[in-house]
Structure formats: structure tokens, C-alpha cells
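1. A predicted structure for the sequence below; I have some questions about it.
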There are 2 protein chains.
Amino acid sequence: MKEYSIRMEKVRQQMRAANVDAFLITTNVNLFYLTGGVLAGYLYIPVCGEAVLFVRRPAGLRDNHIVYVRKPEDIPAILLQRGMSLPCRVMLEGDSIPYGEWMRYAALFPESETVNGTPAIRKARSVKTAYEIDLFRRSGVIHAEVYRKIPALYRPGMTDVELSIEIERQLRLAGSFGIFRTFGQSMEIFVGSLLSGDNAAEPSPYDFGLGGKGQHPSLPIGANNTILRRGTSVMVDMGGNFTGYMTDMTRTYSIGTLPEEAYLAHQTALDIQSETTKTARPGVACETLYNRALEMAKERGLADCFMGINQQAKFIGHGVGIEINELPVLGARSETLLEEGMILALEPKFVIAGVGAVGIENTFLITASGMEQLTLLEENIVDLEKGY
Amino acid sequence: MKEYSIRMEKVRQQMRAANVDAFLITTNVNLFYLTGGVLAGYLYIPVCGEAVLFVRRPAGLRDNHIVYVRKPEDIPAILLQRGMSLPCRVMLEGDSIPYGEWMRYAALFPESETVNGTPAIRKARSVKTAYEIDLFRRSGVIHAEVYRKIPALYRPGMTDVELSIEIERQLRLAGSFGIFRTFGQSMEIFVGSLLSGDNAAEPSPYDFGLGGKGQHPSLPIGANNTILRRGTSVMVDMGGNFTGYMTDMTRTYSIGTLPEEAYLAHQTALDIQSETTKTARPGVACETLYNRALEMAKERGLADCFMGINQQAKFIGHGVGIEINELPVLGARSETLLEEGMILALEPKFVIAGVGAVGIENTFLITASGMEQLTLLEENIVDLEKGY
């Protein structure tokens, strides 16, 4: 299929830049990216010539490029049988596969130098194809439709967990198949986070400021059974996986009216978003966007509660895709230049002590001339007692 | 706390057996096992003397054994400052941490030999403490209570995904914090699987026979929008994470009456369970249980549909714990001997073409004299049109 040839070529560009002969892909995420499906197997991509998909499971697949194997040790002999030469320098997914797997795959090519290919394929994936962009557009529409139902799901006296459960159900009924993929073995998230009141200020073990205590020490993130009370905010940052590609979206709700400072901070978040959309275009460095956002927070006297209080994240956004945290990072020292076709989640947020989190998150496409917003829904704080 | 000293000692026994000086633990699952919480950090366990917990995030923890660090490279100097010697042989979690992390941690101790410690800590975790066993008991009770509600959640005309969504909601309302941990980077599951009709025969990329096509190629497992029809079975194998330790439980339901062969196969599964509970006790090899189960399936002429049709799993059970697939495996060539305190999921299942999956799964504790069942609920096929 043409789409997968385009993606393969994007990966091969990175392989040529790193001067490698081949890439052996074995993780679910990258197999899905390059073949359109997940299987137990090994995709061998030579820098020139046709790729071979070695499959252990499931049984019954048929295609010219598919070869069934019992174990990865069968691969080298088959490559040679097919008239292919073994690589001099081969990439493996060094930031994703466990050490034990790396050693096993490296041993397949004892004469070859092994190179960590994770940064290369993450870079390739950071610029999306037209087909992928269409999947984000569809996801953005469904994501917003589910969020529009949130006020109708609210009942007085509910806890944050109870409201979260009703939103999860709506995401699933709208077609989400649930799984929420993250890059890096340590960041575990179930569907997303819903933060209310001072739980929003609880520091997280992960690299973001607005963590939440969570329901249990084994998953210290998100809602913690806080009762949703008058005068506190409810920040919903939950994700659906409707297409294999995840949009990221946050909206702030309130129970009744919040103190004035919360609205001012929320307006600052909207102003940062607006300023960013004016600044961002291909060729602009990611750090420029973060630095300008931090500057605006400082100008309004809000630097101390920008992206957290007890622990402040040093970024205002990130790439999204098959995983929720793709490249680039809109962070303090990210010199990456924006490119047309990148999909970014932009999330300026503040934490107000005694109230909760306020702010916004939307998913944007970097176009030739700027940013196009893919998650469209009312952006002011919506009172759950009144609805949209 | 005494509980964590007991666990640490279990790990140290394995360290002594492997003749290592130290173990550097960095994954969420093992940090939770050994400290009771998840954080961004590094637990350094010397084989003698006190362990040190190096923490990056969250901020604000306080304890004698906690030292804040900016990066893992700060660890060796701090160990020396505390009068500890650097290890000669150090374990790292080689089957869980990515290659890149292994190289980074190995470089902290350039004079040391590095050893893959994953098998050792999995072995330590396979025999549970009294405190852990109590958590499984609690989980088993809640798990069964949720399953008891399943007939009340069924509505004629529902799809498998729709019924699954209602069960997921009940699991969450009963206290599950959602996340479903698996060992190995390739097995991704969202809450569990619900299989009806011929979807039960769809082969899976994972190492089990009853896969299901799933809703999307990016997650080829479980329900696939099959409408629940008269004369087909509905196998529910879904998990809650109520305590950090997961019980595993399957029940078979029907829409109306099934063909006689389905009830016969189901009865065979119950008979295999019954036979296993009579055979299993400390000192019995895991393969004995699998081989006897396979023999019983053969005796009844059901070998061809035992644990799948198109792809048959070569095991009838597995350890459970913080991860759903812990040690030991009740498989064809597993010589591991059962020990008192192991917690096992036993899951004899059959697939009947045109009908769906039948069979049972329960979680058991290995006691001094046999097996104690922790997931108690009606085991016959329950007609969803009639209820319990």
C-alpha cells in the first residue's frame, strides 16, 4: 500500500542520515506505524530493496513480504536465501526494547555494528502524512463531541473518580478502543486525568507539573476521590484512541463560580495559546514558544503557578501520535524547528491553590503558514451546574 | 515497614544465589513491590546493609533512606559518601528496562559486571507474602461481585463491545483504578477481553489461543463489535486492579441455549479444574498440571479445540500479581515446582466453532496441602436472558 511506502521512505531517510544498512523493527507501535497492524514479529528494513516481515503470530497471514519464523534466530539464513546481504550497521529500537531483546537481536548479526534507532524513527514519525493527518482530524471531532457531553454527566455530590468513569464510558461508546500508549516504560496512564481542587497541585513522578495523587500508590496520577465542591475547578485531560492516533485535549469546568484569580489565570492560558498560534510556523524553534509562554506568565505575575505549583513542568506542549508523548517537545531547551505536518498538543495550564487547575489544551496541525486547531470546543471555563 | 523488609529479603536471597553485590531497581512494578509506591527514581539494594532510594520525582518525600538526585549519574558518589562500597557484580532489570537505560545504569559502575536480574526478582515475586495474599483475597471478592452483575448489564441486541463497556464501568465503580499491567513490552490489553461467537477463534499475536480480532488493527485482541446472538457464548475474561494485585477470572455466559457440545466442553473445563485442584500442591511440577489437562481434553475428543482452534496456547494457567502474567507458567515444559504462597490463575478453555468460547478461569492460592480458590461465583454457563 502506498501509505506504508511513504512511511518506510521517511524512516529510510533517517537511516541514510545515520549511515546504517538496515533497521530491525520489533515493537508494537513501530510495527503498526510501518505495516498498519500489530503482530508478534520482526520487520527487517534494508536501506535499499524490499522489506521482509518475519511473523511468529498470528497464524494465517499471507503476503509476498511475509515469512513465518519460529524464532528471530531464523532471520539471517532467510535473508541470505533471498539474496540479501547481512547489514554492516543495523538499527534496533534501543529506547523501547528491553536490554535482553537487544542482545538477542544484536547476536543475529555478529559482524554488524548495532545503532540505537529509536531517535531516528521517532523523528520520522514526528512529521505526519496526509493520511495520518486525516485520522487526527477525525479523532479531534470525536474527542470534542465527547467533551461536549461532560456537563450532562455531572451530578452534584459526585467525586472526581465518578465523573471520570462516566467520561471514560462515553469515550468508549464513541469508539475509543481504550488503550493509551505512552513512550517510555515509566509513564503509566489509564485514559487520562481529571483533577479537581488541591489534588491538581499534587506533584507527580512523571515529567509534568499537574499530576494528581491518584487512587492508589501503585498509580500516583489523576483523580483521587475528591468530592467535586462549589468553588473548585475540574480539569478534564482525558484521551480517546479512536483511530490509532491520539488527539490531546483539556477543558476546564467549574462547580459554580470560581474566585476571580482563576478566571484571570485561565484567560492568560488562552492568551498564551493565541500568542503561540500567531508565532508558530515551520522553521520556528520549539523553545521560542515555551520561552514566550513563560514570559507571558511572568508578565501577569503567574510564573509561580505556571504548569504546576509544587513541581513545575518545563514545557507547554508536545507532539502526539500513536503515542501521547511524541516529538517534538515544546520545552525550555528544545532547539527542534517546527515542520509542516507536525501535530502538537499545546497545553498552557496554571494551578490556583484552594481552587484547582485552570487552562486549556488543544491539538494543532503545523501548516505551511501557521497552526490549524483540530480540537474545537468552547474554551472558556464552563460551569457544570449550568452546562454549555 | 516490616512487609517491605520481608520482600527485600526475598529479593536478597535471589541475589545471594546469583552471587551479586547489589541490585539497582528502576521500573514502576518493582519499585512498587519493594517500596509500596511508584516514583521516578532508583532503588539501590546492597546484598548486605541498608538500601537507598534515590528519587528524582515527586518532590517532598522524606525518609532516612531517601536521597534526592537530579540524575542517576549522581548515585556512585553518594554511595561512597555514605561509606558504601561500589558493587563488583550488579543486577539490573534486563528484561524490562530498555537497552538505552541499561547502558546508562551500567556506566555508573564501570568496574562492575552487570547481570540481568529480571528472572531473580520475578522468582522472588512469584511466592507471595501473607500481606499480598490478603490483597488477592480482597480482589477476588470484589472481582466476583462485579461479575455477578453481568446478567443485569445485558440488553438484547447489544454488541460485545457495548457489554464490555458496561462491565468496565462496574469494575471502575467497584474501585478498580483501571491500569492492567503485563510483563513484556509487546502484550497490550485494555481491561481484558470479552469474546462471543466465532471471534473467539481469531488468532492473536500474543501467546494465548483465545485472542479475538479486537476493534482495530492497532489492538488486535478481544471484542470486535460482534452482535450478541442467540445460540452463542459470551466469555468474559476481564480484570480489575483493586489493590495493586490482580486476580484473574473468566466466566462463560450464553444467549439462550447453546448446542450440547458446548456444555460438554464446558463440563470438561470444570473437570480439568477439579482434577487440577486435587493434584496441585507444593512440590508438584507445573508441567504435570498442563499434561494432565491436555490428556483429559484428548480423552474427551476435545484436543483440537483446547485453548483455541486456529492457534492453541500451550499452557493452562500462570502466576498473577502486580502483573497479570507472573511466574510460574503452567505450561508444557515448565519444570518449576509449585510452592506454598504462589497465586495462580487456572484457565482451561475450549473454542466451539459457530458458538464461541467456553470454559472457566479462577485464581487460586497454593496452600501447604493444595489449592484454595479466591474467585468464587457460579461456574456453570449462565444464560444472560435468564440471569443467575
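-> Thanks, I have it. As the structure is a prediction and not an experimental result, all values here were calculated from the model.

2. you'd agree A:Glu323 is up against A:Val29?
-> Yes: at 6.2 Å, A:Glu323 counts as touching A:Val29 under the criterion of CB atoms under 8 Å. Glycine gets a C-beta too; all of them are placed from N, C-alpha and C.

3. now do the shared contacts for these two.
-> A:Arg181, A:Phe183 (CB atoms under 8 Å, 6 or more residues apart in numbering or on different chains).

4. compare these two (neighbour count), which wins?
-> A:Val29 (25 against 20; other CB atoms under 10 Å in any protein chain shown).

5. how close does the more buried one sit to chain B?
-> 9 Å (CB to the nearest CB, to the nearest Å).

6. now the nearest residue to that residue once chain neighbours are set aside, what's its secondary structure?
-> Residue nearest to A:Val29 in three dimensions, not counting chain neighbours: A:Ile322, with 5.2 Å by CB to CB, 6 or more residues apart in numbering or on different chains. Under DSSP: H, G, I helix; E, B strand; the rest coil, A:Ile322 falls in the coil class.

7. number of nearby residues for A:Ile322?
-> So A:Ile322, with other CB under 10 Å, has 21 neighbours.

8. so it is in contact with A:Leu31, correct?
-> No: between A:Ile322 and A:Leu31 there is no contact under CB under 8 Å: 10.5 Å.

9. so how far is B:Ile221 from A:Leu194?
-> Taking CB to CB, to the nearest Å as the measure, A:Leu194 falls 27 Å from B:Ile221.

10. compare the two (neighbour count), which wins?
-> The residue with more neighbours, out of A:Leu194 and B:Ile221, is A:Leu194; 29 against 26, by other CB under 10 Å.

11. is chain B contacted by stretch A:244-258?
-> Yes: under the criterion of CB under 8 Å from any CB of the partner chain, chain B is reached by stretch A:244-258 at A:Gly244.

12. and chain A, what are its domains?
-> Listed by automatic domain parsing, the domain ranges of chain A are A:2-123, A:127-383.

13. and the ones you listed as CSV, adding mean pLDDT?
-> Output for those, formatted as CSV (pLDDT from 0 to 100):
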stretch, mean pLDDT
domain A:2-123, 97
domain A:127-383, 96
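
14. so which of the ones you listed gets nearest B:Pro259?
-> domain A:2-123 (25.3 Å; CB to CB).

15. can you give me the end-to-end distance of that closest one?
-> Domain A:2-123 has an end-to-end distance of 20 Å (criterion: CA to CA, to the nearest Å).

16. ok, now how distant is the residue most central in space within chain A from A:Ser139?
-> With distances taken as CA atoms, centre = their mean, the residue of chain A nearest its centroid is A:Ile324 (1.4 Å). Per CB to CB, A:Ile324 is found 12 Å from A:Ser139.

17. repeat that for A:Glu323.
-> Here A:Glu323 is placed at a distance of 14 Å from A:Ser139 (CB to CB).

18. then A:Lys149?
-> From A:Lys149 to A:Ser139 the distance is 16 Å (CB to CB).

19. helices along the stretch 201-350 of chain A, start to end?
-> A:260-279, A:286-299 (DSSP state H, counting those that start in this stretch).

20. let me have the domains of chain A in CSV, extended by distance to B:Lys314.
-> CSV is the format used below for these (distance: least, CB to CB, whole Å):
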stretch, distance to B:Lys314
domain A:2-123, 12
domain A:127-383, 26
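
21. deepest of the ones you listed, which one?
-> domain A:127-383 (a mean of 21; mean count of other CB atoms under 10 Å in any protein chain shown).

22. so how far is that domain off the chain centroid?
-> 11 Å (CA atoms, centre = their mean, to the nearest Å).
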